[in-house]
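Peer 1: what shape does this take:
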Amino acid sequence: MMDARRPWMDEELALLRDGARRFFERECVPNEMAWRAQHHAPRDIWTKAGAAGLLCASIPEAYGGGGGNFLHEAVIVEEQAYSMSQSFSNNVHSGIVAHYILAYGSEAQKKRWLPKLATGELVAAIAMTEPGAGTDLQRIKTHARLDGDWWRIDGSKTFITNGLHANLVVVAVKTGAEAGAKGISLLVVETDTAAGFRRGPLLDKLGQRNLDTCELFFDDVKVPATHLLGAEEGKGFVQLMQQLPRERMLIAVVAVAMMRRAIDETLDYVRQRNVFGQPLMAMQNTRFKMAECETQARAAQAFVDDCIAKLMKGELDVPTAAMAKWWTTDTLCRIVDECLQLHGGYGFMNEYPIARLYADVRVTKIFGGANEVMKEIIARDLEKR
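Peer 2: Model (predicted):
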């Protein structure tokens, strides 16, 4: 259970946390092993989450959302991460795509898509990464040309979270001849009616095997000209950069929740496991390792809570968000590794949550911007001082 004693917690958020916890324990936890085996959850988990008020919690009520803020998103994704119910990415759906539409969409676009995202009638994905362009988005090759009242998209994207079920995909494309960032735009594709749109098979990942991830292909896909995000083309890269601090904070929030789950799982194990006639927890090495993990987790939580406070005031800058992303995910991987070691051979068995956590957390140092890139962002800021 996540610690509710947070500087920003209030009664409303506590009730939301309790509701989210009950939902994940009831609807997801009993099914996660089966969903891991098939590499995806069923489509109706989205409509169930929507009915429970867990989608688009920080989108205004005028557009069908919960009318909350980042804190509401945070308590939901914390409970989802702690319960290890990672079989559908609410972060991508509610925390990322919905906010791109809210920030840059026209009034007609907001009314067309946001209410259906909030109910789960539509599942959202964002398609940036390509086989030859991951962190360096300026090298994307997927392109779109304007043909009368339509954009025509050609190209492919890979590692797309929510890719199997996505009805609505925000696609980063090249729309102009300008080199680098200036030629990138964001187009919204309604996949159910997009001729020429194809999904590749589900990808066989090291971890997060319960979360559907696949390639997407666009073969002369026609998208209405009105589905461009923003008032003019060529603004996609700027839009992506403006949203990244918020997205990276969601990753940091999840990282701390997974630290807590790893520590709690390990505490339970070392108290019950006997070695040389005494509980494993009675041994000094175990006690010191657990003390180290707990200290690191608390430091991470304090840092993240401080960043959240800055975000709520509109004061969270790009370098600080980069610090939160790289440091919490690095710390998460270290803690999970220590916790697995204390499980001994059982830590290598997938029936134990710590083994699944070990595989699941590794990607956190890669997605949302590789941690090496986060350090480069911070270093560039230091050069300005």
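Peer 1: the residue most central in space within the chain in helix, strand or coil?
Peer 2: With distances taken as Cα atoms, centre = their mean, residue 91 lies nearest the centre of the chain, 4.0 Å away. Going by DSSP: H, G, I helix; E, B strand; the rest coil, the secondary structure assigned to residue 91 is helix.
Peer 1: gap between it and residue 314?
Peer 2: Per Cβ to Cβ, to the nearest Å, residue 91 is found 21 Å from residue 314. Backbone N, C-alpha and C define where each C-beta goes, glycine included.
Peer 1: before we move on, what about residue 356?
Peer 2: 37 Å.
Peer 1: looking at these two, which is more packed in?
Peer 2: residue 356 (21 against 6; other Cβ atoms under 10 Å).
Peer 1: tell me the secondary structure of the more buried one, please.
Peer 2: Assignment for residue 356 (three-state DSSP): helix.
Peer 1: show me what contacts it?
Peer 2: The contact partners of residue 356, by Cβ atoms under 8 Å, 6 or more residues apart in numbering, come to 36, 84, 207, 350.
Peer 1: greatest separation within the residues you listed: which pair is it?
Peer 2: 84 and 350 (12.1 Å; Cβ to Cβ).
Peer 1: for the residue of the chain most remote from its centre, give its distance to residue 343.
Peer 2: Largest separation from the mean C-alpha position in the chain: residue 277, at 43.6 Å (Cα atoms, centre = their mean). Here the criterion is Cβ to Cβ. By it, residue 277 lies 19 Å from residue 343.
Peer 1: repeat for residue 309
Peer 2: Separation of residue 309 from residue 343 (Cβ to Cβ): 35 Å.
Peer 1: shaky segments in this structure?
Peer 2: 1-4, 179-180 (pLDDT under 70).
Peer 1: now the strands for it?
Peer 2: 124-127, 143-147, 150-161, 168-174, 184-190, 197-202, 213-224, 274-275, 278-279 (DSSP state E).
Peer 1: quick one: contacts of the first one?
Peer 2: In this case it means strand 124-127. With Cβ under 8 Å, 6+ apart, strand 124-127 has contacts from 92-93, 96-98, 100, 117, 142, 157, 160-163, 166-172, 216.
Peer 1: wait, doesn't residue 88 sit right on residue 41?
Peer 2: Yes: using Cβ atoms under 8 Å, residue 88 is in contact with residue 41, at 5.3 Å.
Peer 1: need the residues touching each of those two.
Peer 2: Counting by Cβ under 8 Å, 6+ apart, the common neighbours of residue 88 and residue 41 are 211, 212.
Peer 1: what about these two, which has more around it?
Peer 2: Comparing residue 88 with residue 41 by other Cβ under 10 Å, the one with more neighbours is residue 88, at 28 against 24.
Peer 1: so what's that one up against?
Peer 2: 41, 45, 46, 49, 123, 162, 165, 211, 212.
Peer 1: buried subset of those, written for ChimeraX?
Peer 2: Only the buried entries of those go into this ChimeraX selection, using 16 or more other Cβ atoms under 10 Å:
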select :41,45,46,49,123,162,165,211,212
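Peer 1: from the contacts of residue 88, which is closest to residue 371?
Peer 2: Out of those, the member with the shortest distance to residue 371 (by Cβ to Cβ) is residue 211, at 20.4 Å.
Peer 1: you'd agree the closest one is up against residue 87?
Peer 2: Yes: counting by Cβ under 8 Å, residue 211 does reach residue 87; the two are 5.8 Å apart.
Peer 1: need the residues touching each of those two.
Peer 2: With Cβ under 8 Å, 6+ apart as the test, residue 211 and residue 87 both reach 40, 41.
Peer 1: picking that back up, neighbour count: residue 84 and residue 350, which is higher?
Peer 2: When residue 84 and residue 350 are compared for neighbours, residue 84 comes out ahead with 20 against 13, by other Cβ under 10 Å.
Peer 1: state the phi and psi torsions of that one.
Peer 2: When quoted as degrees, to the nearest 10, the phi and psi of residue 84 stand at phi 60, psi 30.
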